[in-house]
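Trainee: My questions are about this predicted structure, shown below with the sequence.
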Protein chains: 2
Amino acid sequence: MADRVVIIGAVALGPKAACRYKRLVPSAEVTMVDMSPSISYGGCGIPFYVSGDVSSPDELKTTSFHVVRDPAFFEAAKGVHVRPSTRAVSIDRQKKEVLIESLATGAQETLPYDKLVIATGSSPRALPIPGVELEGVHAISGLDEAIEIRELVQTGAVEKAVIVGAGFIGLEMAEALADMWGIDTSVVEITDQLLPGLASPHLADMARRHMEENDISFYFGEKVTALEGADGRVTRVVTDKRTLDADLVIMAAGVAPNDGLAREAGLDVHERGGIIVDDELRTSDPDIFSGGDCVVVKHLISGKPTFLPMGSMANRQGRIIGDNLAGRHKKFPGVLGSWCVKLFEHAVTGVGLTAAAAAREGFDAINVHISQLDRAHFYPEKGLMYLDLVVDRNTGKVLGLQGMSKMRDAVVGRINAVAAAMPHGITVDDLQIMEFAYSPPFSSAMDVINALGNVASNILDGMNRGLAPEEFIKRWEDKDSGEICFLDLRASADSGPVAERMDPTYWKAIPQDELPKRMDEVPRGRKLVLVCNTGARSYEAQVMLDAAGLTDTENLQGGVATARMLGIEP
Amino acid sequence: MADRVVIIGAVALGPKAACRYKRLVPSAEVTMVDMSPSISYGGCGIPFYVSGDVSSPDELKTTSFHVVRDPAFFEAAKGVHVRPSTRAVSIDRQKKEVLIESLATGAQETLPYDKLVIATGSSPRALPIPGVELEGVHAISGLDEAIEIRELVQTGAVEKAVIVGAGFIGLEMAEALADMWGIDTSVVEITDQLLPGLASPHLADMARRHMEENDISFYFGEKVTALEGADGRVTRVVTDKRTLDADLVIMAAGVAPNDGLAREAGLDVHERGGIIVDDELRTSDPDIFSGGDCVVVKHLISGKPTFLPMGSMANRQGRIIGDNLAGRHKKFPGVLGSWCVKLFEHAVTGVGLTAAAAAREGFDAINVHISQLDRAHFYPEKGLMYLDLVVDRNTGKVLGLQGMSKMRDAVVGRINAVAAAMPHGITVDDLQIMEFAYSPPFSSAMDVINALGNVASNILDGMNRGLAPEEFIKRWEDKDSGEICFLDLRASADSGPVAERMDPTYWKAIPQDELPKRMDEVPRGRKLVLVCNTGARSYEAQVMLDAAGLTDTENLQGGVATARMLGIEP
């Protein structure tokens, strides 16, 4: 038991740890210190405050039942002391004291502790470019900054906005500005896709197209080199390829862990940043705990330390720290990195590793893509789900999954289900028999995740030789080479009209159910790219063609449903 | 490898097994036999055809892309022979032959097999009462019956309908008749709740109230003793308590496995019905497989044989049988019994055992109830989720979970996530740290399932002494006894107006954040029932009261949010 607990940082993990510990040991003295006057707010809600979905910043500071979580609330309702607008200057681990300083008065003071929690979070990465100090340039660093942005946009002062970075916050801010306030919004991203490191290239491309349809412009593979202004206000964003006019610039190029205080106190810190903690969230000093955005945690698939700045992880870890402050030994074994983001009509979501990330981690990984309706095809309200499964070729182990759909809660629900099983080391076999609650208004008799497992199993077996969507685009561009023929297996109502407008030198329609009788019409001596609505009939055809000795075939994963989302409409 | 495979039954499992096996062994002869002229239809869609959500019965017989799955389709597209309108009379296991009979001509024939699949499904349970043969009395036994019902209702011939049985099909049919066709609809159920054996008593009660608001009448604990009619048409339903007028009666008192053919062939059949199969879905004859509605399978929580007539299980098992016909050794380890049903605005859903079922299976089970918003409280579109977790008191093992919410896909998604982890033997600790994709439009930073795990942990620890909603109702009825005081911990804006209209002899309002200062106002010498919005502040208060030595307290699980759903509005 610790009589005196000091917690540095009072946004997500700090309050959770403080309140949990105080409930376990009501007699303890628990003090939270925070630099900001605002504590315990829902930082992840900032884009929704800027958009206007959330009308007042107070809503981000209240409980579900409209009680403001301010220092007086923590004192009265939780028995936890709060020192807002106060900076932790340094930690003296020998004396077990934290030196703090009032930001209002500059007065310094030492707080003795038995146990200390470092919950300093993360800060937006600052780009080393000229002009970041101009007015109208904002990072999403806290509520005060959010209030400034909202005031700017709701006065109509902003016509053009540029967002630097196409991660979650950048994309959510882009939607907020364009959708609600009609601002001409562009996103500049240094990598070649949105949600870099998170979404597969083709899901990222689908999401980009959807955002472009909603009037967001994207500039990928461009580096911002300077921000320029007039009279101290930003007016232009300069990249290595162009100049964009802007009267609002949002810097959303990622965040970095606030590990300086821990580093200066001599605690172990990862070489790429982030305090190192064990599976009970103890730092290298057994009297100091840490968690949330300022630490690295074990990735349950790669086994490597990973940085996961997510309010959800911080909350779960906060409770664990509260328990362990009280002498319990609760474990936080690691993370899978589940994520989701609403982009206009669609949800884009994922868990674990992308195929590219898995390859970097040394896995022989394959990516399995499908498109399929998310519930019974005869039920009126339904939507296609686009899924990418990442699997280890040798073991069939599930390494990651990403999805996109207009049925937003449904696709996030599927990711959560697979994520719930992934810590147990599941394989493709497990996906095939995974049990989903079934009724036509919610799912198909063969759930989309079971179907994904089936397709993955067929691919691992070599029965289904799939063509990745991005490879299909290359084949399509190469269609006049004389080396490829596209074989359209859709029913004649679908494939007939297409065949009429296609060049017969590279396009042939034979409905799959007519294939056995029309096998002699199948073009010989060329690679056949098999196409149907979603990839199921073309797989059936591939099996039939194999049996007939025609094995140089590729089956478009996700079929025309996927091709269409990528801007190709065969 | 089996050259000749015969499959008896061609609705869900049969076609799946046939097509999978044919893809694995294209040279095989596969024949499906079915009594009906309609095969491979989506039987679970029948209530939605009756409601009009599905406009034509053909939609239940087509693929996602409008291809009709009739015998010609199976022959052409799948290479599978179909014998519709044909009855399997008997199985000669020595000769490895099935005797079949054409229902049109009466002609008999023997089909030799190397491997046989029994996929005979289930049939509606027939009640041994007079009048079931009257016109206007229907079971949901197949498409033809559904077409008759739809024709009846859409001509306006039905004013009053009575449904016998409050399981999935009964409730879905009730909604279909009342919502779309405005028919005065009653449900008679022999047990004391809807979804008996599936939903907790209080979730069932919430669902009943919601359906009553939508003009469905319920008669629980009543046994139908006769159906009466005039001129051969039904006019009344007689129960042991009353007589109800009816010009349409739907018999939905459950289904029973069609295991007669297997039993007569000498295969092992469970004493309560259902063919016994091993984990590769082989019957007691290694050349005969079975699955779907006609078998019993292992329940993964109870370990007992269970009967689970679900199209989803049949589909998953069909593929496994297809694999194992080809000499693979794919396993179907068992089921958790996941389920979901849409009832007007709400989804009701669950997995595993209810507390009552767990007790019957010998577990020392506790039920943990919470109500909580399903996503960030500041996000505009959100809804309360009502959840019941069933946990083994000794081990903390998760035995079951049920939920209800207007955020339908979201609550089903949560059930699916927990279900995905349950085969791995998870405990309350796992729920607390389970990773859910987080963003305010989808979830809370502490997901509702994490919160449920936290509450369960507190209850197992004895820190949170919860009062089940149905016990709260008893306390409320007992409020004038002088032995109880309700202590309302809500913020004064919520609790103040309530206190003004309540009798101060049993009702006292002290906002939780004022409790430490007003501890002397807490009534002594009586049991305190602690009440807040959802059970969180009242738990906080319970901890504070414990620390002050006031330990005779009970904390209303789910708070006023749950009480309100049960018709009590303190």
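Mentor: Arrived safely, thanks for sending.
Trainee: Wait, A:Glu345 touches A:Glu213, no?
Mentor: No. When contacts are counted by Cβ atoms under 8 Å, A:Glu345 is not listed as touching A:Glu213 (9.3 Å). For the C-beta atoms, the positions are set from N, CA and C on the backbone; glycine is no exception.
Trainee: Follow the chain on from whichever helix or strand A:Glu145 is part of and name the next helix or strand.
Mentor: For A:Glu145, the host element (DSSP states H and E) is helix A:143-154. Next helix or strand after helix A:143-154 toward the C-terminus (DSSP H and E): strand A:160-164.
Trainee: Determine the set of other helices and strands touching that next one.
Mentor: When contacts are defined as 3 or more Cβ pairs under 8 Å, 6 or more residues apart in numbering or on different chains; DSSP states H and E, strand A:160-164 sits against helix A:168-175, strand A:184-189, strand A:243-245, strand A:248-251.
Trainee: That one pairs with which strands, and in what direction?
Mentor: Partners of strand A:160-164 in the sheet, by DSSP bridges, are strand A:184-189 (parallel), strand A:248-251 (parallel).
Trainee: winner for burial among those?
Mentor: Of all the strands paired with strand A:160-164, strand A:248-251 has the most neighbours on average by mean count of other Cβ atoms under 10 Å in any protein chain shown, namely a mean of 26.
Trainee: Which residue is it, in the stretch 451-570 of chain A, that comes closest to chain B?
Mentor: Minimum separation of the stretch 451-570 of chain A from chain B (Cβ to the nearest Cβ) falls at A:Asp513, amounting to 3.6 Å.
Trainee: and the closest residue in space to that residue that isn't next to it in sequence, helix, strand or coil?
Mentor: Leaving aside its chain neighbours, A:Asp513 sits nearest to B:Ala77 (3.6 Å; criterion: Cβ to Cβ, 6 or more residues apart in numbering or on different chains). Counting by DSSP: H, G, I helix; E, B strand; the rest coil, the backbone at B:Ala77 sits in helix.
Trainee: what about B:Ala77, how many neighbours?
Mentor: B:Ala77: 24 surrounding residues under other Cβ atoms under 10 Å in any protein chain shown.
Trainee: so it sits right up against A:Glu540, yeah?
Mentor: Yes. Using Cβ under 8 Å, B:Ala77 is in contact with A:Glu540, at 6.9 Å.
Trainee: Find residues that contact each of these two.
Mentor: Shared contacts of B:Ala77 and A:Glu540 (Cβ atoms under 8 Å, 6 or more residues apart in numbering or on different chains): A:Gln512.
Trainee: And the pLDDT for the most centrally placed residue in chain A?
Mentor: Most central in chain A under Cα atoms, centre = their mean is A:Trp339, positioned 3.9 Å from the mean C-alpha point. Note on A:Trp339: pLDDT of 98.
Trainee: Thought A:Thr354 was touching it, still the case?
Mentor: No. Counting by Cβ under 8 Å, A:Thr354 is not a contact partner of A:Trp339; they are 11.5 Å apart.
Trainee: quick one: low-confidence parts of chain A?
Mentor: For chain A, the stretches with pLDDT under 70 are A:1-2.
Trainee: domain assignment for it?
Mentor: A:4-121+A:256-325, A:137-253, A:339-460, A:466-565 (automatic domain parsing).
Trainee: Now the stretch 301-450 of chain A against chain B: closest residue?
Mentor: A:Gly413 (2.2 Å).
Trainee: Let's verify that residue: helix, strand, or coil?
Mentor: A:Gly413 falls in the helix class when you classify it by three-state DSSP.
Trainee: What parts of the stretch 101-250 of chain A come near chain B?
Mentor: Neighbours of chain B within the stretch 101-250 of chain A, by Cβ under 8 Å from any Cβ of the partner chain: A:Phe168, A:Glu172.
Trainee: Next one: A:Lys479 from A:Val529, what distance?
Mentor: According to Cβ to Cβ, to the nearest Å, A:Lys479 and A:Val529 sit 9 Å apart.
Trainee: Spell out which residues are contacts of both of those two.
Mentor: Residues touching both A:Lys479 and A:Val529 (Cβ under 8 Å, 6+ apart): A:Phe486.
Trainee: neighbour-wise, which of those two wins?
Mentor: Neighbour count, other Cβ under 10 Å: between A:Lys479 and A:Val529, A:Val529 has more, with 25 against 18.
Trainee: Help me confirm that that one is found in a strand?
Mentor: Yes. Applying three-state DSSP, one finds A:Val529 inside a strand.
Trainee: Provide the partner residues of the residue lying closest to it once chain neighbours are set aside in its beta bridges.
Mentor: Sequence neighbours aside, A:Phe486 is the residue nearest to A:Val529 in space, at 4.8 Å (criterion: Cβ to Cβ, 6+ apart). Here A:Phe486 sits in beta bridges with A:Trp507, A:Val529, as judged by DSSP bridges.
Trainee: and A:Phe486, how many neighbours?
Mentor: Neighbours of A:Phe486 under the rule other Cβ under 10 Å: 23.
Trainee: Kindly report the same for A:Thr243.
Mentor: Neighbours around A:Thr243, by other Cβ under 10 Å: 13.
Trainee: I figured it hits A:Val237, correct?
Mentor: Yes. Between A:Thr243 and A:Val237 there is a contact under Cβ under 8 Å: 7.1 Å.
Trainee: overlap in contacts of those two?
Mentor: Joint contacts of A:Thr243 and A:Val237 (Cβ under 8 Å, 6+ apart) are A:Glu228.
Trainee: Next, A:Ile484: phi, psi?
Mentor: Main-chain torsions, A:Ile484, degrees, to the nearest 10: phi -130, psi 140.
Trainee: what residues are up against it?
Mentor: Shown in contact with A:Ile484 (Cβ under 8 Å, 6+ apart): A:Arg475, A:Asp478, A:Tyr506, A:Arg526, A:Lys527, A:Leu528, A:Val529.
Trainee: Determine which two of these are furthest apart.
Mentor: The span of those, defined through Cβ to Cβ, is set by A:Asp478 and A:Leu528 at 13.8 Å.
Trainee: Show me what counts as buried in the host helix or strand of A:Ala420.
Mentor: Using DSSP H and E, A:Ala420 sits within helix A:408-421. With burial defined by 16 or more other Cβ atoms under 10 Å in any protein chain shown, the residues of helix A:408-421 counted as buried are A:408-421.
Trainee: just stretch A:206-222 next, same as before
Mentor: For stretch A:206-222, by 16+ other Cβ under 10 Å, it's A:Met206, A:Ala207, A:Arg208, A:His210, A:Met211, A:Ile216, A:Phe218, A:Tyr219, A:Phe220, A:Glu222.
Trainee: Looking at these, which is nearest chain B?
Mentor: Closest approach to chain B among these (Cβ to the nearest Cβ): A:Ala207, at 14.0 Å.
Trainee: show me the contacts for A:Thr354.
Mentor: A:Thr354 makes contacts with A:Gly197, A:Leu198, A:Ala199, A:Ser200, A:Asn367, A:Asp388, A:Val390, A:Gly400, A:Gln402, as judged by Cβ under 8 Å, 6+ apart.
Trainee: All the helices of the stretch 1-150 of chain A, residue numbers only.
Mentor: Remark: helices assigned in the stretch 1-150 of chain A by DSSP state H, counting those that start in this stretch are A:13-24, A:46-51, A:71-73, A:143-154.
Trainee: Good, wrapping up.
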